[in-house]
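Engineer: Quick check, what structure comes out for this input:
(2 chains)
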Amino acid sequence: MTDLLIVITVVLILVIIIQISKASEYVSVLKGKEKSVQQSDKVNAWLLILFLIFGLIGIYICQELLKGKLLPVAASVQGAAIDHMIIVTGIITAFVFFVTQILLFYFGFRYHNKPGRKAKYLPDNDPLEITWTAITALVMLVLTIFGLKEWFEITGPAPKNAMVVEVTGKQFAWLFRYPGKDGVLGRKDYKLIDPAKDNPLGQDWSDQANDDDVVSSGVMHLVVDRPVRLIINSQDVIHDVGMPYFRLKMDAMPGIPTTLWFTPTITTAQMIKKTGDPDFVYELACDQLCGQGHFTMRATIIVETQQQFNQWEASQESQYKIAMADLNPASTPDVKDTIGTKTSLPPSDSTKAKVAFAK
Amino acid sequence: MSNEMNNPHQEITHPQAVAIPVPTGHETQVAEGHGIHHHEPFITKYIFSQDHKMISKQFLITGIIWATIGGFFSVLFRLQLGFPNDHFMWLHTIFGNWAPNGQFTPEAYYGLVTMHGTIMLFFVLTAGMSGTFANLLIPLQLGARDMASPFMNMLSYWIFFIASVVMFSSLFVSTGPFSGGWTAYPPLSALKDASPGSGTGGDLWLIAVLLFFISQIFAGINYISTILNMRTKGMSMSRMPLTIWGLLVTAILGLLSFPVVITGLVLLFFDKHLGTSFYLNSIYISGHALPNVGGSPILYQHLFWFMGHPEVYIVILPAMGIASEVIAINCRKPIFGYRGMVTAFFAICILAFLVWAHHMFVTGMNPYLGAFFVLLTLLIAVPSAIKVFNWIGTMWKGNIHLSVPCLFVIGFVSAFISGGLTGIWMANSAIDLDIHDTYFIIAHFHLVMGVASILGMCAGVYHWYPKMFGRKMNNTLGYIHFWITLVGAYLIFWPMHYEGLAGMPRRYYDYAAWHTFAPFEGVNTFISVVAIVVFIAQILFLFNFFYSIFKGRKETDPNPWKANTLEWTTPIHPGHGNWIGEIPEVYRWPYDYSKNGIDFIPQNVPLGPEEEIEVAKENQPQPV
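Structural biologist: Residues are numbered from 1 along each chain as shown, chains lettered A, B, ... in the order given. Next up, the predicted model:
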C-alpha cells in the first residue's frame, strides 16, 4: 500500500512539474523571446553562483562528516609513503580543482547574457597557452618522478631478512602457508589438490621441504617491524589481496604467482589502543570480482611480536602431518582429532558458500 | 530521387563557385524539404533508411532506450547497496527468482552490475553517442549529401540492433545474464563452474559485444572516409568545427582498437568452447583440476585494455567536441585556442594507445614496464588540462547565453575537472596500489567519463534537437533536468571518494560482515536515495524528448542558435541530400563570433573587404 502511495506521489509530482513547465513555455511566448531568454539567463546565472557556493560548503560538510570514517594511520612503512604521496597529490589537485571550478562557475555568472554586453573576440593567445601547457607538463613530470621513486622501492627486491608467507585465493576463501623451520616452501602442483585428503594447496608430499610447512585458513600472522614477502597464488579465478590498512594490493592469478613485500609497523594490539576500538582487526579483502561470493572473501591479519608469532607457529601442526594422519587413520587416530579442531579448513565449494549468504 | 542524389560525390569533385544565399535571418525561409524528397515508403524512410539523419535518430533513440534500462539497473543494485536489510516484495513480483524474499541474489546483483557497465559504456556512450552525433553532424557540418557509404552506414545500425537484441535476450536466460563484470576477465568469464552467468548468459554477452564492435568498425570506416574525402569546397581540415575533429579522432581510436579486443574475445570464446588454453592455467575448480595449462589471464587483460582505455576516450571525445562547439556559440565568442584544441585531440589520440596497462598496475607487472605507463598516463593529463583551460578561457569576457545546452556544457566541464583530477592520483602506480578497485575508482570514472559524457550528450541533444526534429524541446523542463542531474551527480559520486580512501572494494554485494567498511552503511543509503531521485528526474527528459517530437513547438528559425556551422544553412526539415540546390561553399573557420563587432558570420559568407586585407597582411612575408 505504501509502495502504491509513493508511486502515485512521484507520478503526481512529475505531472505537476511538466504542467508548470508547459505553462511557463506559453508565458515566455507571450513575453517575447528576447525578454524571456534574458530572464532565464539571469535566473540560471544566479543558480550557477549558488551551486558554486553550496557546492563548496557541501565539500566542507562532507569532509567533516566522513573524515572520521577514513582509515587510521597507515600500518606499514610502504603505506606511510603512499599516504604521503596521496597528501601531496591531493594538495596539488585540490588547488587546481578549486581554481578551475570557481573560475568556471564565476565566469558563467559574471559574463551571462545581458542587454548591451559585447563578447570579446579572442581566438587565442599563444604565450598564455604555452605557459599553462608547460606548467601542467612540469607538474606531471615532478609527480611522475616522486611516484616512481616509491614505486621502485615498493616493487624492488624484498630485504634478505624478510619472512615468507604464501597466500592462495580460491572461491571464496584465503589460505596461508608458512615455510616452517627450514624457511623453504615445499613444491606443489594444482593437480594434487585434494581437500578431502587434507591437501588443500596441492602440496607434493615427496618434497621434504613440505614436511614442516604450516597451512592456515582465514587468518594471516605477521611479525611487526619485520619485512614480509607474500607469494600470491590463485587456484581458480583471479582474486586480489587487498590490505587497506597497509595501503597495498596485489592480484592473485591462477598459474602465475605474484609477489608483494612490505613491513608492518603496528601490531594489532597497538592498533586497538590507537583507534580505541576493542574490535579492531586488520582485514584482508578480495578486490577483484571473483564470482557470487566475492564479497564474502574475507581474511584477517594478526600483526604481533616475533615472540608471539613463534609461540603461535609452534602450536601449529604441519599440513604434512595432518594429511598423513588422514591417510593412516588407524595408526594415529588421536592426532587427527586434535588437528581437526585446529585447522578448520573452510568448505571448499560454492554450494556451501551459497548457503552461507542466503539470508 | 533526383540524379544528383545518386552521385553525392559530384558536388565535391565539381564544386560550383557560386554560394547559395546565406540564411542569416528570418528572411530566408527556405522551402521545407520540397523537391529532393518525395514520398518514400515507410520501410525505407524510417526503418531501413540510408539517410544519415534518420540513422542518427535511430542510434539516438536506441541509445536512450538502453540508457533507461542501464540506468534502471543501477537503481536496482543501489537498492541492495543502500538498503541491504530491507525486503522489497515488488522486486520479487517483477523479477521472480532474481529476487526471492524481495532481495536480489548475489548472482542477480552481479548480473545487474555487469549489464549496467556494458550497456552504459558500449551501447549508450559509444553507439548512442558517436552513432547519433557522427551520423548527424559529419555530413551536415562538412557539407556532404550523405556518408561515404550510406548502405554500410545502415548496416552498422542494424548490426548494432541485432547486438542489442542478443544482449537483451541474455537477460531472460535461466542461469542469468553474464555476471563477470563488463571487463569479463577470464578465468571467471571462461568457466561456467566459476560463475553461472558465464554459461549461456556469457555466450550471449560475447556474441552481442562482438556484433557491437563490428557495427562500430563499419561506422568508423564510414566516418573517417567521409571526413577525409567529402568536405565541401573551402572546408579545409583547419576549418572543420571541433565537433568533427572530436568525432574523427574517436573513429580513429575505435578503428585501431576494436579489432584487438575482438581478437581477445574470440580467443575467450575458444577457451570456453573449443578447449584451448589461451587464458587458462592450472585451475582447480568444482572439486577437480582442469587440464588446461600454459595460458595467461594477463594476456586477456592486455588485449582488453588495449581497447578498454581508448574506449574511455571514445566515450569522452565526442562530448568534448560538442562542448567546444556549444560553448563557443553560447558565449558568442570564438573557441579559445582552436589549434591547441586540435593538437590536444591528437595528443590524446596517440597517448590513449600507450596508457592501457595503468589498469593493470596490481597484476604483478614488471615494475619497469609500469614506470612507462605511469609517465605516459600522467602526460595524458596535459592535453586534457589544455582543453579545460580553453573552455574556461572561452567563457572569459563572453556574452554567455545560459541556454539549456550551455548549462549542460558547464556541467560537463565541471564533472570532467572533478573526475579528471582524481585520475592524477591513480595514474601514479604507487597510489594505485592503495585505491585500485575501490570506490575511489568508481567515483573517478563515473565523473570523468560517465557523468561528463552523459552531460555532453545531453548538451548535444538539446542543441541539435531542432535540426533533428524541426521542433523545440521545453526549456523549463530542460533547466530542471539539468539542475537535478548535476547536483545529484555530485551528491552520488563525491562521497564515494571517501569510501574508496577507506579501502571499500567495488563490486561487493554486502558490506555488513566487514569491520572496515560497515561504517559507510549510512553513506550508501544516502547515495542510493539520491540515485533514485536522479533516475526519476530523467523521466522529465524522456517525456520532453518524446513528447516534443510530436507536440513540441515548431521551429521557425532555420538557425535558432545563430550558429556559424553549415548544418544551419539547410532547410528546417532537410530532405535526403540535405541542401536544395548547390552545397554551400566555405570561406572561413566556424568560430567567427563577435568578430569586428558582428555577432556571427556563418562559414559560407565570403570574406569582407576588411578581412581580405587582414588575410593579405598575415600572408605577407615578414621583413627580415
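
Engineer: what about the strands in the stretch 51-200 of chain B?
Structural biologist: Read by DSSP state E, counting those that start in this stretch, the stretch 51-200 of chain B holds no strands at all.

Engineer: and it, which residues reach chain A?
Structural biologist: Proximity of the stretch 51-200 of chain B to chain A, by CB under 8 Å from any CB of the partner chain, involves residues B:90, B:101, B:103, B:105-107, B:110, B:179-181, B:185-188, B:191, B:194-196. C-beta here means a position set from N, CA and C on the backbone, and glycine is covered the same way.

Engineer: who's in contact with residue B:84?
Structural biologist: Residue B:84 sits next to B:510-512, B:521 when contact means CB atoms under 8 Å, 6 or more residues apart in numbering or on different chains.

Engineer: I'd like to know which of the residues of the stretch 51-200 of chain B next to chain A are part of helices.
Structural biologist: Those of these mapping onto helices are B:90, B:106-107, B:110, per DSSP state H.

Engineer: Now that we have the residues of the stretch 51-200 of chain B next to chain A, which of them are buried?
Structural biologist: Buried members of these, scored by 16 or more other CB atoms under 10 Å in any protein chain shown, are B:103, B:105-107, B:110, B:179-181, B:185-188, B:191, B:194-196.

Engineer: Quickly check those residues for the two that are furthest apart.
Structural biologist: Greatest spacing in those, by CB to CB: B:103 and B:186 (29.6 Å).

Engineer: which among the contacts of residue B:84 end up buried?
Structural biologist: By 16+ other CB under 10 Å, the contacts of residue B:84 give B:510-511, B:521 as buried.

Engineer: Out of those residues, which sit inside helices?
Structural biologist: Using DSSP H, the subset of the buried ones among the contacts of residue B:84 located in helices is residue B:521.

Engineer: Let me know the secondary structure of the closest residue to chain A within the stretch 501-624 of chain B.
Structural biologist: The stretch 501-624 of chain B approaches chain A most closely through residue B:503 (2.6 Å), counting by CB to the nearest CB. Put simply, residue B:503 is coil when judged by DSSP: H, G, I helix; E, B strand; the rest coil.

Engineer: What values do phi and psi take at it?
Structural biologist: Phi and psi for residue B:503, reported as degrees, to the nearest 10, are phi 80, psi 10.

Engineer: cool, residue A:283 as well?
Structural biologist: Dihedral angles (degrees, to the nearest 10) for residue A:283: phi -110, psi 150.

Engineer: where exactly do the strands run in the chain?
Structural biologist: Here I'm looking at chain A. Using DSSP state E, the strands of chain A run over residues A:163-170, A:173-178, A:214-217, A:219-223, A:228-234, A:239-243, A:248-252, A:258-262, A:282-286, A:298-304.

Engineer: Sorry, I should have been clearer: chain B.
Structural biologist: B:284-285, B:288-289, B:593-595, B:598-600.

Engineer: Can I get the ones you listed in CSV including distance to residue B:496?
Structural biologist: Output for the strands of chain B, formatted as CSV (distance: least, CB to CB, whole Å):
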stretch, distance to residue B:496
strand B:284-285, 33
strand B:288-289, 40
strand B:593-595, 39
strand B:598-600, 42
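
Engineer: could those go into CSV alongside mean pLDDT and distance to chain A?
Structural biologist: Below are those laid out as CSV (pLDDT from 0 to 100; distance: least, CB to the nearest CB, whole Å):
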stretch, mean pLDDT, distance to chain A
strand B:284-285, 94, 4
strand B:288-289, 92, 5
strand B:593-595, 92, 4
strand B:598-600, 92, 9
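
Engineer: who wins for proximity to residue A:36 among those?
Structural biologist: Among those, the nearest to residue A:36 by CB to CB is strand B:598-600 (19.2 Å).

Engineer: For the closest one, what is the distance to the chain centroid?
Structural biologist: Put simply, strand B:598-600 sits 32 Å off its chain's centre (CA atoms, centre = their mean, to the nearest Å).

Engineer: Partner strands of that strand, with direction?
Structural biologist: Here strand B:598-600 has these sheet partners by DSSP bridges: strand B:593-595 (antiparallel).

Engineer: Please list the outside residues in contact with the partner strand.
Structural biologist: Taking CB under 8 Å, 6+ apart as the rule, strand B:593-595 contacts A:118-121, B:328-329, B:331-334, B:399, B:564, B:599-601.

Engineer: swap in stretch B:287-302?
Structural biologist: So stretch B:287-302 is in contact with A:190-191, A:193, A:238, A:253-256, A:348-349, B:183, B:185-187, B:191, B:264, B:267-268, B:271, B:275-284, B:356-357, B:359-360, B:363, B:365, going by CB under 8 Å, 6+ apart.

Engineer: For residue A:115, give its distance to residue B:331.
Structural biologist: Plainly put, residue A:115 is 16 Å away from residue B:331 if you go by CB to CB, to the nearest Å.

Engineer: Which of those two has more residues huddled nearby?
Structural biologist: Taking other CB atoms under 10 Å in any protein chain shown, residue A:115 and residue B:331 do not tie; residue B:331 has more neighbours (29 against 7).
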